[in-house]
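K.L.:
All I have is the shape, not the residue letters:
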């Protein structure tokens with residue numbers, strides 16, 4: 001056992017090199033020469049406290065396979081997304097989405113650790129296989145979009161329901177969603193045949209995520225791409241220098257560009273404006289962005305990782321991922337792992353605020 005200086009002033013990290021002789025931990029209040037009476041605290045990382053009070057190494061949860069509840073065998077379908085579903089007065093529920101099914105993951109169970117989420121008639125929510133999924137929570141429900149099927153709503157207790165099956169305007173299969181200004185904002189292609197692909201933005205009524213407003217906004221761009229992500233800029237607002245006011249903003253993302261949408265009146269679109277934000281690069285998929293330190297947004301494009309502060313123009317952070325998409329860096333002959341660009345939409349970004357790092361999770365061929 002040894003002490004090493006911690007990252008914060010007046011702190012130390014307690015390092016154990018050998019657990020072979022066992023250990024006991026105690027903590028008590030003491031008088032600090034500068035801080036006065038304080039309580040000693042211990043941050044235990046990657047360890048578990050056993051019932052006896054000792055520490056043991058945390059089990060490697062990543063090696064526990066998902067068990068198909070219908071067969072008891074290891075789940076064969078790849079997992080496209082995993083969502084956390086926090087609910088008032090209940091524990092956080094874990095929801096995983098595969099190409100054809102939706103499950104609740106039950107942490108801690110090594111045998112049957114999945115419970116399939118079905119519709120009221122016992123059928124599976126996805127009638128057509130999906131390639132990507134997005135979700136958000138509102139009014140104690142989790143809403144899952146796939147672009148190929150009706151949007152699914154689940155309250156964590158009862159069977160799932162379709163919440164977009166009866167929507168009008170030929171718009172029933174949204175691809176991405178997010179909660180913004182107490183509305184559920186959705187985007188996807190219209191079902192109507194058109195001379196070119198028509199992507200639209202629709203919003204629910206205030207605090208009523210299952211009822212859509214009649215008016216909607218077109219989100220057409222020159223490339224006619226479908227939406228890849230919607231990001232509510234909770235910590236970033238467009239500031240009107242003349243009126244000295246701030247207006248809530250949202251980022252509408254596609255693969256090769258993004259648009260900035262700002263305004264209050266989502267019901268009538270009376271003050272909603274949309275402006276091009278980035279050109280030539282966007283967000284590769286619904287999970288390819290995250291919040292970082294200081295309210296910054298990090299997102300992944302085909303060119304690399306970008307950081308956005310509020311509604312300012314993004315800063316280019318790293319192009320280390322670009323060679324994996326097949327974009328060879330100049331002045332190097334290094335061999336990089338290859339990622340199928342057609343599966344870029346499955347990439348995810350995760351933030352580690354403790355260490356100030358952003359992790360890129362991709363499938364490598």
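P.N.:
Yep, it's here. The shown structure was predicted, so the numbers you read here are calculated from the model rather than taken from an experiment.
K.L.:
Where does the prediction get shaky in the stretch 201-350 of the chain?
P.N.:
Low-confidence regions of the stretch 201-350 of the chain, defined by pLDDT under 70, span residues 220-224, 234-246, 326-337.
K.L.:
Please enumerate the strands of it.
P.N.:
208-212, 217-218, 229-240, 245-253, 257-262, 273-279, 289-291, 297-300, 305-308, 315-318, 348-352 (DSSP state E, counting those that start in this stretch).
K.L.:
With mean neighbour count added, can I get these in CSV?
P.N.:
Where C-beta positions appear, they are placed from N, C-alpha and C, glycine not excepted. Output for these, formatted as CSV (neighbours: other Cβ atoms under 10 Å):
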stretch, mean neighbour count
strand 208-212, 19
strand 217-218, 14
strand 229-240, 18
strand 245-253, 20
strand 257-262, 21
strand 273-279, 15
strand 289-291, 19
strand 297-300, 25
strand 305-308, 21
strand 315-318, 14
strand 348-352, 16
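K.L.:
which stretch among those comes nearest residue 145?
P.N.:
When the strands of the stretch 201-350 of the chain are compared by Cβ to Cβ, strand 229-240 sits nearest residue 145, at 9.8 Å.
K.L.:
quick one on the thing from earlier: out of the strands of the stretch 201-350 of the chain, which gets nearest to residue 73?
P.N.:
Nearest to residue 73, of all the strands of the stretch 201-350 of the chain, is strand 348-352, at 26.3 Å by Cβ to Cβ.
K.L.:
Can you tell me what sits against the closest one?
P.N.:
With Cβ atoms under 8 Å, 6 or more residues apart in numbering as the test, strand 348-352 has contacts from 285, 287-293, 298-300, 305, 357-362.
K.L.:
and if you look at stretch 155-163?
P.N.:
Contacts of stretch 155-163 (Cβ under 8 Å, 6+ apart): 85, 87, 90, 93, 102, 117-120, 125, 140-143, 150-154, 209-210.
K.L.:
Quick one: buried ones out of the residues you listed?
P.N.:
Neighbour-count burial (16 or more other Cβ atoms under 10 Å) is assigned, among the contacts of stretch 155-163, to 85, 93, 102, 117, 125, 141-143, 150-154, 209-210.
K.L.:
Including distance to residue 4, could the strands of the stretch 201-350 of the chain go into CSV?
P.N.:
Shown next, in CSV, are the strands of the stretch 201-350 of the chain (distance: least, Cβ to Cβ, whole Å):
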stretch, distance to residue 4
strand 208-212, 49
strand 217-218, 55
strand 229-240, 34
strand 245-253, 41
strand 257-262, 43
strand 273-279, 43
strand 289-291, 30
strand 297-300, 30
strand 305-308, 31
strand 315-318, 29
strand 348-352, 20
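K.L.:
quick one, which of those strands is nearest to residue 175?
P.N.:
Among these, the nearest to residue 175 by Cβ to Cβ is strand 229-240 (9.5 Å).
K.L.:
ok so, going back, tell me which of the strands of the stretch 201-350 of the chain sits nearest to residue 80.
P.N.:
Of those, nearest to residue 80 by Cβ to Cβ is strand 348-352, at 10.2 Å.
K.L.:
how close does the closest residue to residue 73 other than its chain neighbours sit to residue 122?
P.N.:
Sequence neighbours aside, residue 67 is the residue nearest to residue 73 in space, at 7.1 Å (criterion: Cβ to Cβ, 6 or more residues apart in numbering). Per Cβ to Cβ, to the nearest Å, residue 67 is found 20 Å from residue 122.
K.L.:
So for the two, which sits in the more crowded spot?
P.N.:
A direct count of neighbours by other Cβ atoms under 10 Å for residue 67 and residue 122 places residue 67 higher, at 19 against 7.
K.L.:
which residues does that one contact?
P.N.:
73, 74, 75, 111, 112, 113, 114.
K.L.:
are any of those buried, and which?
P.N.:
Buried among those by 16+ other Cβ under 10 Å: 75, 113, 114.
K.L.:
In strands, which of those residues appear?
P.N.:
Members of the buried ones among the contacts of residue 67 lying in strands (criterion: DSSP state E): residue 114.
K.L.:
any idea which of the buried ones among the contacts of residue 67 is the one closest to residue 276?
P.N.:
Nearest member of the buried ones among the contacts of residue 67 to residue 276, counting by Cβ to Cβ, is residue 75, at 42.0 Å.
K.L.:
I'd like to know which of the strands of the stretch 201-350 of the chain lies nearest to residue 178.
P.N.:
Proximity to residue 178 (Cβ to Cβ) singles out strand 229-240 among the strands of the stretch 201-350 of the chain, at 4.1 Å.
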